[in-house]
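Below: sequence and its predicted model.
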Amino acid sequence: VQLVESGGRLVQAGGSLRLSCAASGPSFTNLGMGWFRQPPGQEREVVAGISWSGDSTYYTDSVKGRFTISRDNAKNMMYLQMNSLKPEDTAVYYCVADSSPRGISPNPDYWGQGTQVTVSS
């Protein structure tokens with residue numbers, strides 16, 4: 001499975017961005033997917049996860065109510081809509097996929113190359 005992120009850029013605090021992840025390879029619909037991020041000088045952390053069917057989602061507390069994860073299995077795409085962005089959301093965002101259809105584990109099987117999101121104050 002190959003994952004390619006897009007959509008990261010510089011944005012002002014309070015603004016919005018939508019990240020996209022294009023997946024290629026077999027059995028996309030059997031994969032749980034999600035987003036991790038790595039802020040400058042910090043460890044990677046999970047941001048959100050979604051089951052293969054899309055009916056189960058997970059968000060870390062700091063993004064609840066602001067970020068929305070979704071997927072379109074017909075297009076092999078996953079998205080992260082980010083609203084009300086804060087400077088502390090600045091990070092490299094990684095698209096991930098896991099062999100479990102229910103969601104993602106702390107150590108997903110597949111990773112994209114990352115896309116930079118910078119939120120200015």
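Structure received.

Skipping adjacent residues, who's closest to the most centrally placed residue in the chain in space?
In the chain, the residue lying closest to the centroid (CA atoms, centre = their mean) is Trp35, at 2.6 Å. Of all residues not flanking Trp35 in the chain, Val47 sits nearest, at 4.3 Å (CB to CB, 6 or more residues apart in numbering). Where C-beta positions appear, they are placed from N, C-alpha and C, glycine not excepted.

partner strands of whichever strand or helix holds the one you found, parallel or antiparallel?
Val47 belongs to strand 45-50 when assigned by DSSP states H and E. Taking DSSP bridges as the criterion, strand 45-50 forms sheet pairs with strand 32-38 (antiparallel), strand 57-59 (antiparallel).

List the buried residues for that strand?
Using 16 or more other CB atoms under 10 Å as the test for burial, strand 45-50 gives 46-50.

JSON lines for the residues you listed, including distance to Thr90 and pLDDT?
What follows is these, written out as JSON lines (distance: CB to CB, whole Å; pLDDT from 0 to 100):
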{"residue": "Val46", "distance to Thr90": "17", "pLDDT": "97"}
{"residue": "Val47", "distance to Thr90": "13", "pLDDT": "98"}
{"residue": "Ala48", "distance to Thr90": "17", "pLDDT": "97"}
{"residue": "Gly49", "distance to Thr90": "21", "pLDDT": "97"}
{"residue": "Ile50", "distance to Thr90": "23", "pLDDT": "96"}
